[in-house]
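S.K.: Coordinates for the following, if possible.
(chains A and B)
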Amino acid sequence: MDYNQLYTALFETIYVALIVSTLVFGLGIWLGVLLFSLESDKLLGSPRLYKVLSSFVNVMRAIPFIILLILLMPFTNFIVGRITGANAAIPALVVSVAPMFARLVENTLLDLPPSLLELGTVLKLKRMQLIRKVLLKEAFPAILGNFTTVVIATIGYSAMAGVIGAGGLGSFAYTYGFQRNNQLAVLLSTALILIIVFGVEISMKKIIRKIDYR
Amino acid sequence: MIELVNVSKVFADTPVINNVSLSVNRGEIFGLIGLSGAGKSTLLRIINGLETKSSGEVNVSDGVKFGFVFQNFNLVNSLTVSENISLALLNSEVADSEIKSKVDKVLQLVGLEAYAEVKPSKLSGGQKQRVGIARALVAGVDVLLCDEATSALDPFTAGEIISLLDDLNQKLGLTIIFVSHQLEIVRDFCDRIAIIDKGSICEIGTTIDVFSKPKSPVSLKLLGNVLGFDTYLNDEQTGMITCYSRTEINECIKLITNRDIELLATYQHHTKQGIFAHIFVGQTQDVEQFIVRRTYGL
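M.R.: Purely as a prediction, here's the structure:
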């Protein structure tokens, strides 16, 4: 077993998880806010647009990731210029995970007391002020909690993408462990993935505890 | 200052406010009283545009600014007390450099100077409502709209909030519209009240008038409760009001033939001494009849 390959795979997994999580965090929050705003008559209040966007989110969440990966290959090729390697996994991962996170953000915002929206009217806040200074601030600890789940799902999906040539620990486990029948390679990949996942969980918990006002 | 003319509101084919007309004068403390679901909060919300009206007019004098106090305080828990208050100045003409001094000033008014950097979760209910009041005041308002502002508080804390509001009314000449179902609070606090039932005003007048000469069944029900009677009946034939109570200790029955300010003063005098007071409006023979009825448990 080539340990250099293992290090590369570990680096690729961390790299993909970091890039995808960052993109998903930015995109998902605003997509979630948009869903929530379209739904609420005190913000954008457009039931029709909400239906369209909500259906899109549902469809994206319904397609199994491995199929989405294949489905998006032309798109990936257009964006990244190739359909294999760590970078090639990024578009499909973002398209798959961002709607999931958006829905979680939307639900978190829906869980806030509706009177906070009235506060916006009473204090004559602009929509963006209400969203940024009140709603997102209130929801932030819960949103970060949901984001932890999303990051862990991303790590899992990235391993799956590895099997069809996207690199990372999934790819390593498949190539060295399954195809060459090396149990140590499988165990090492598993252990490393677990360490990453636990690391994410522990550090996110610490951050949430620090910022939680509740 | 504020005038409502034939204001109605229909919500999903159900009328919630029917043809309400009333006016509130500058510097007045005006109570909107009623049972749950009577439409009093909706009416308050129509005044400052939180709810739209279906028909009628809301006329407000030029330049009048509203502040709103919520029942559940409605504070942003992730922000500190001073950040919560300064939210109300985000879109005002107040310069950034002046925000702190404005916030400090209202914090002093509500007696929370020491809590500027504290988050709401560390405050008691009464303190939270003080922050709510400070936030409503900071933008320099003329009218404070209070939506069940004391309903989430225990009686002692509610009393403290009322004396704060009373103080603000005196010091700043603030007009207050106070929505409540707690008549024992309204009695001591409001200059005038309107009793709302099923979206309509069933009685309106000075607090003393409405308390001493209740006419509608809803006012009788509400008043009977607050004066400590189990039943409070208005006999339309004799014009006599009869009160029944099952409480037997430390009672006092007071006859008031002159239906004026004495009524409340006497009631307050007795209750403050821990005596259970019955106020009776009518004539001497009516009182005798009342005592006989009570004695025989009729």
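
S.K.: Any idea how many residues pack against A:I193?
M.R.: As a burial measure, A:I193 scores 20 neighbours (other Cβ atoms under 10 Å in any protein chain shown). The C-beta positions use only the backbone N, C-alpha and C, and glycine is treated the same way.

S.K.: How about the contacts made by it?
M.R.: Counting by Cβ atoms under 8 Å, 6 or more residues apart in numbering or on different chains, A:I193 makes contact with A:13, A:155, A:159, A:169.

S.K.: contacting residues around the second one?
M.R.: It refers to A:I155. Here A:I155 is in contact with A:13, A:17, A:193, A:196-197, A:200 (Cβ under 8 Å, 6+ apart).

S.K.: again, only this time at 10 Å
M.R.: Contact analysis of A:I155 by Cβ atoms under 10 Å, 6 or more residues apart in numbering or on different chains lists A:13-14, A:16-17, A:20-21, A:93, A:168-170, A:193, A:196-197, A:200.

S.K.: Please point out which parts of the helix or strand encompassing B:N19 sit buried.
M.R.: Per DSSP states H and E, B:N19 falls inside strand B:14-24. Along strand B:14-24, these residues count as buried under the neighbour rule (16 or more other Cβ atoms under 10 Å in any protein chain shown): B:16-18, B:20, B:22, B:24.

S.K.: Throw these into TSV and include distance to chain A and pLDDT, thanks.
M.R.: As requested, those are exported to TSV (distance: Cβ to the nearest Cβ, whole Å; pLDDT from 0 to 100):
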residue	distance to chain A	pLDDT
B:V16	17	91
B:I17	18	92
B:N18	24	92
B:V20	21	92
B:L22	22	92
B:V24	18	94
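
S.K.: re earlier: give me the helices and strands touching the strand holding B:N19, please.
M.R.: Identification of packing neighbours for strand B:14-24 by 3 or more Cβ pairs under 10 Å, 6 or more residues apart in numbering or on different chains; DSSP states H and E yields strand B:2-11, strand B:29-33, helix B:40-47, strand B:55-60, strand B:175-180, strand B:192-197, strand B:200-206.

S.K.: tell me the angle of that strand relative to strand B:200-206?
M.R.: Per axes from the mean of the first three to the mean of the last three Cα atoms, to 10 degrees, the angle that strand B:14-24 makes with strand B:200-206 is 20 degrees.

S.K.: among the helices and strands of chain B, which has the poorest mean pLDDT?
M.R.: In chain B, no helix or strand scores lower on mean pLDDT, DSSP states H and E than strand B:251-256, which sits at a mean of 43.

S.K.: Need the helices and strands packed on strand B:14-24 in JSON lines (columns: distance to A:A9 and mean neighbour count).
M.R.: Shown next, in JSON lines, are the helices and strands packed on strand B:14-24 (distance: least, Cβ to Cβ, whole Å; neighbours: other Cβ atoms under 10 Å in any protein chain shown):
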{"stretch": "strand B:2-11", "distance to A:A9": "61", "mean neighbour count": "17"}
{"stretch": "strand B:29-33", "distance to A:A9": "69", "mean neighbour count": "26"}
{"stretch": "helix B:40-47", "distance to A:A9": "60", "mean neighbour count": "23"}
{"stretch": "strand B:55-60", "distance to A:A9": "69", "mean neighbour count": "14"}
{"stretch": "strand B:175-180", "distance to A:A9": "65", "mean neighbour count": "25"}
{"stretch": "strand B:192-197", "distance to A:A9": "71", "mean neighbour count": "24"}
{"stretch": "strand B:200-206", "distance to A:A9": "75", "mean neighbour count": "17"}
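
S.K.: Tell me which of the ones you listed sits nearest to chain A.
M.R.: Closest to chain A of those, according to Cβ to the nearest Cβ: helix B:40-47, at 8.5 Å.

S.K.: check contacts around A:V59.
M.R.: A:V59 makes contact with A:P99 under the criterion Cβ under 10 Å, 6+ apart.

S.K.: Now it: which helix or strand?
M.R.: Using DSSP H and E, A:V59 maps to helix A:47-62.

S.K.: starting at the chain centroid, how far to the helix or strand that that helix is followed by?
M.R.: Downstream of helix A:47-62, the first helix or strand assigned by DSSP H and E is helix A:65-71. Between the centre of helix A:65-71 and the centre of its chain there are 16 Å (Cα atoms, centre = their mean, to the nearest Å).

S.K.: What is the three-state secondary structure of B:G159?
M.R.: Per DSSP: H, G, I helix; E, B strand; the rest coil, the local secondary structure of B:G159 is helix.

S.K.: ok, for the residue of chain A most remote from its centre, nearest residue in space, not its chain neighbours?
M.R.: Within chain A, the residue lying farthest from the chain centre (Cα atoms, centre = their mean) is A:V122, at 35.1 Å. Sequence neighbours aside, B:F68 is the residue nearest to A:V122 in space, at 4.3 Å (criterion: Cβ to Cβ, 6 or more residues apart in numbering or on different chains).
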